[in-house]
Every structure is written in C-alpha cells, then in structure tokens.
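Q: what follows is a predicted structure for the sequence shown.
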Amino acid sequence: MLYQFEFRTYQRKFKRPLQTSHGIWDIREGIILRLVGENGRIGWGEVAPLSWFGSETFDQALDFCNSLSANLSEEMIFAISAQLPACQFGFESAVSNSRSPLIKGGHGGTAPTKGGTRNILKVPLTKGDLGGSRLRLKSTLIAGSVLSSHQWIQAGNEEEKNRFSGLLPAGETALQALPILWLDGYRTFKWKIGVAAIEEELKMFQQLIQAMHNLCDRESAFLRLDANGGLSYSQATTWLEACDKVKATPDFSADIEFLEQPLPVTQFQEMVELNAIYATPIALDESAANLDRIQECYSQGWRGIFVIKPAIAGSPSQLRKFCQTHNIDAVFSSVFETEIGRQAALNLATQLSLNKRALGFGTDSWFDDNHSILDFRF
Ligand SMILES: O=C(O)CCC(=O)c1ccccc1C(=O)O
Ligand SMILES: [Mg+2]
C-alpha cells in the first residue's frame, strides 16, 4: 500500500506548567500526520516526542518528516528507526487507523476530492454539555474508529474517569485539585514529588492522603507518587517508609499504589533492591521509556511494574508483541498527546492491560484550549 503523506505541527500551552524533577514544561509541541491510502482512506497519526524523557527531540522528528517524500510505502513506515520512537508510533498508528473501517459521516473519512478541496481536521472538543463520552465518540470518528466506540458510549463519564488516574499538580496546589478531580470521578491520583524540599513534600503528602481518606466513603482511593528520577537513595527510602506506614494503617481508606521512578535511570539495581525491601512497589518509568529500554529491564530481571507511554515507546506492533509474549505488569500513561495520539495509545492500552490498574490518562484538566489547535487545514 502506498500513502500520500502530509503533516502539520502544533503547539499547545499548558493551563499551568507541568513541574517535575526534570524542570518546568509549559508548551507541548507535536506533529499531526495524515496518510491517504490508495483506497482513499485517511489515517491520522500523531508524533508527540518527549526528549527530556528519552525520545527523539521535536526537531529530530520534524527533520524526519521533512525528509520524507509525499508518497510513502508501508515498508518504509515499518522500517522507521528505533532512534525515532515517537515517529514509529505516529506513523504506524496512522497506518492502522487508515485500515480500520471508518464510521459513516465522520470527518476523518472524507476522501480527498479532485480539484483541491481541502480536508479540515476539526475536532469539536468542547467541554460541558457534550459530556465525556460523546466527545470521545466524536473524536473517535475523526481518528478513524481506533477505539470500539460503543464501549465508550456506554461508559458514563464518572465510570470512565474511574479507569484513569488523575494527574495532580505538584506541590500544595494538589490539595485544591484533589476534590475537583474526585468530583469528576477519579479514584486514583498521581502526585509529582522530588520537586520541593523533601521535608515539605512529606508534610503535604500527609495532608494529601488525609484529604483522600476524608473524601472516601466505604470505598478506597489510590495515590501514585512520581519522583521522575529525582530522589537520592536515602530520600527514596524515606519516602518508601512513609508509604509503607500508610499502607500498614488499619482502616485507612487511602492506599499508596506505587512509587514511580524514584532514582535516575543509571540506578537500576538500586531500584530492584528497593522494590524487594519495601511493601510499596516501585514502578519504572524513565527506565522503561521505550521498547529497547523495557526489554533491557526485563532481561535484567525486572518483574515489577512498568509504566508504558505508548506515544514514545516506539513501534506499537513490536510493543504489542512484547507485551503479549511476556506477562508484564504494565501501567499505560499519557505524554499529553492530543486526541489523535491519545486514542491510538488508549487503543493499545486497552488491548494490553492485563491488570486492573488505572490508566495514566487523567490529563484532561491540563489544557483549556478545547483542542482548537487541531483546526488544521490539509
Ligand atoms: O502517567 C500519568 O498518570 C500522567 C502522565 C505523566 O505523569 C507524565 C506525562 C508526561 C511526561 C512524563 C510523565 C511521567 O509519568 O513522568
Ligand atoms: Mg513518571
């Protein structure tokens, strides 16, 4: 199959910058891909690199897109180098969503018309009246039914949020965000640590889990801590002791699900050790940034939790093969991609999630542009 290829870049400003121990991030940049097959079917894809995390840079991805001709073969797409994992994801998912049947009437299904009429990729993502499910259905049309839409129509908004982990802002602001995300239906939350002084963060941590406990009514809630590799070994043990204490408190409704990437990628063995010592599990994230790294961790004996960010993990077909061969404990997670990449990532996550862990896609509240950046003309 040959595809006509076009792309557009986008920039999206966070409502408030994302603070991690890597620094401050305030604009998400990415590339939207459009492939048109010989049968006229359109496949949308998204390249959303995260270079501080271990993927190619946005400029490398853009150079790659610029280096391609307007006609691409499937062989070329499946041969994209593992040095460009976000590109592998974007192009391969565009191919697969051009293959799946399109729902009638969807904007994404419009075949290119002769005489130069342009297709508009317009994702009508307005919050409020539309509600989460319909919104998702609409964007499903555009992305070419990468998700089985009926599944999403049936799921109510709250029920749906329950499947996701809500990302809290770092620092004290988390305490204000918690009840809002709770009302949205979230019951698993993630909080960034390793940003401020550990003594302060430990105090806020106690307030946060107490607030979670107070919100709970005979149900339980989970907290994930994400250090983004920013702790020292001794700080990590301090955190794990604090987490274990919470886990061991009888009748306390807030539980700690895991501590994500406490140490830098170079300290793999130390994380294996910590995972064995404490009751609170460690999840590898930066250490598992792409399929090569995931395989390396696995072959070095990691059988704990892997955080997988499909949009930067590399080839979805190879990732699928790996996950289906090895029963890994995976938590899928977003990299703030738009609806285009998100649906391809969620599609993969839904296929490959063997556990009951919440998906790390509770990132809705981080932008307030209603996806207007996707009003591209192609
Ligand atoms: O995983 C989640 O729940 C949300 C996504 C998230 O935290 C994240 C998003 C972009 C870049 C890095 C990270 C991270 O997990 O470290
Ligand atoms: Mg992380």
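A: The structure has been received and is ready for your questions. Since the model is a prediction, treat every value here as computed from it, not as a measurement. Ligands and ions are numbered 1, 2, ... in the order given.
Q: going by C-alpha atoms from here, please, whenever you check contacts or count neighbours.
A: Fine.
Q: please look at R12 and W25 and confirm they touch.
A: No. Using CA atoms under 8 Å, R12 is not in contact with W25, being 11.1 Å away.
Q: what about the two, which has more around it?
A: R12 (20 against 13; other CA atoms under 10 Å).
Q: check the secondary structure at the more buried one for me.
A: Recorded secondary structure, R12: strand (DSSP: H, G, I helix; E, B strand; the rest coil).
Q: just give the closest residue to it, not the sequence neighbours.
A: Excluding its sequence neighbours, the residue lying closest to R12 (CA to CA, 6 or more residues apart in numbering) is R28, at 5.0 Å.
Q: residues near the one you found, how many?
A: By other CA under 10 Å, neighbour count at R28 equals 19.
Q: tell me how far it lies from G54.
A: To G54, R28 is 16 Å away according to CA to CA, to the nearest Å.
Q: related to what we said a few turns ago, pLDDT at the residue nearest to R12, what is it?
A: The score at R28 is 97. That number is its pLDDT.
Q: okay, whatever helix or strand M76 lives in in PDB with CA atoms only?
A: M76 belongs to helix 74-78 when assigned by DSSP states H and E. C-alpha atoms of helix 74-78 as PDB (Å, rounded to 0.1, in the frame of the first residue of the first chain):
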ATOM      1  CA  GLU A  74       4.100   0.700   4.200                       C
ATOM      2  CA  GLU A  75       7.600  -0.900   4.200                       C
ATOM      3  CA  MET A  76       9.200   2.500   4.800                       C
ATOM      4  CA  ILE A  77       6.800   3.100   7.700                       C
ATOM      5  CA  PHE A  78       7.500  -0.200   9.400                       C
END
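Q: which strands or helices does it pack on?
A: Judged by 3 or more CA pairs under 8 Å, 6 or more residues apart in numbering; DSSP states H and E, the packing partners of helix 74-78 are helix 85-99.
Q: close to ligand 1, is the helix it packs on?
A: No. Helix 85-99 lies out of reach of ligand 1 by CA under 6 Å from any ligand atom, never closer than 13.1 Å.
Q: which strands and helices sit next to that helix?
A: Partner elements for helix 85-99 (3+ CA pairs under 8 Å, 6+ apart): strand 23-37, strand 42-47, helix 74-78, helix 310-313, helix 316-325.
Q: unless I'm mixing things up, the residue nearest to R12 is touching K13, no?
A: Yes. Assessed by CA under 8 Å, R28 is found in contact with K13 at 6.2 Å.
Q: how about F332: what's its closest non-neighbour residue?
A: Excluding its sequence neighbours, the residue lying closest to F332 (CA to CA, 6+ apart) is I308, at 4.8 Å.
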